[in-house]
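# Quick one, what's the 3D model for this:
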Amino acid sequence: MTLTEAFNEHLTTGQQGQLVVKFAGDVHLCKILVEDGKAVHIAHGRLAPELIIDTLTHKVVEWVKFIAGYPVRKKVDFALHDILLTLADRTSAAQAEQPTAPVTVATPPQTEPVAPVVGPTIEAEKVAAVIEGFIEWIGPLGTILAEQAASELNYTSGMPMPESSYNCFVLALGKEVLDADRNAFIDHYQRQ
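Got it, this is the predicted structure:
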């Protein structure tokens with residue numbers, strides 16, 4: 001999905017929430033607050049909102065999520081919505097002018113059977129409890145971050161998790177918790 005597609009889908013009348021965009025090669029998530037279909041605030045790492053806009057044209061979107069109902073607590077004091085739509089229009093026009101390369105269809109790799117987990121494991125219910133606890137600690141964005149951390153460890157929801165992966169999973173989630181609460185979170189869920 002491109003930024004233009006994301007804006008067209010989520011910046012529509014009546015939408016309320018947070019548009020979360022992950023850019024390829026970027027560790028920070030770009031978060032756009034939407035109120036009644038209009039972008040009213042943007043955050044990306046520690047950059048000021050004005051500086052974020054300048055960098056968007058050079059970014060490649062990896063994935064986009066929309067968290068419906070997310071409360072709007074901040075607003076910028078300039079016409080962010082209009083700027084983002086203009087930027088999206090310019091980006092899509094520039095992409096349309098570029099010649100398209102011939103499409104090649106890659107054959108999917110042969111999947112190998114999944115090997116059973118060997119060694120000590122953590123029950124699926126306990127992994128689910130960690131995810132639920134994580135979401136309680138940091139809010140609705142925790143769902144996306146937990147899914148991403150689990151997928152990086154090749155974890156399938158509802159299955160037991162190897163103990164070594166579980167410890168890495170808890171540490172990865174702990175990095176997303178505020179510094180003041182990080183140790184308490186890790187101590188609460190880390191397997192001793």
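# list the contacts for V40?
Residues in contact with V40 (C-beta atoms under 8 Å, 6 or more residues apart in numbering) are L33, V34, V72, K74, K75, V76, L80, H81. C-beta coordinates here come from the backbone N, C-alpha and C atoms, glycine included.
# cool, and K22?
When contacts are taken as C-beta under 8 Å, 6+ apart, K22 is in contact with L29, C30, V61, E62, W63, V64.
# what's the closest of the contacts of V40 to Q15?
Each of those was scored against Q15 by C-beta to C-beta, and V34 proved nearest at 5.3 Å.
# before we move on, the earlier item: compare the contacts of V40 and tell me which has the most neighbours.
Neighbour counts for those peak at V34, which has 24 neighbours (criterion: other C-beta atoms under 10 Å).
# a helix runs through it, doesn't it?
No. Looking at V34 with DSSP: H, G, I helix; E, B strand; the rest coil, it is strand, so not inside a helix.
# domain assignment for the chain?
With automatic domain parsing serving as the domain definition, the record reports that the chain contains domains spanning 3-93, 121-189.
# Let me see the mean pLDDT of the longest one.
Domain 3-93 carries an average pLDDT of 87.
# And for the last one?
For domain 121-189, the mean per-residue pLDDT is 87.
# Please pick the buried ones from the contacts of K22.
The neighbour-count test (16 or more other C-beta atoms under 10 Å) marks L29, C30, V61, V64 as buried among the contacts of K22.
# returning to that earlier point: which ones among the contacts of K22 are found in strands?
Filtering the contacts of K22 for membership in strands, criterion DSSP state E, returns L29, C30, V61, E62, W63, V64.
# Kindly provide the distance from the closest residue to the last one other than its chain neighbours to I32.
Going back to what we said before, that points to V64. Sequence neighbours aside, A6 is the residue nearest to V64 in space, at 4.5 Å (criterion: C-beta to C-beta, 6 or more residues apart in numbering). Separation of A6 from I32 (C-beta to C-beta, to the nearest Å) stands at 9 Å.
# Right, I'll call it a day here.
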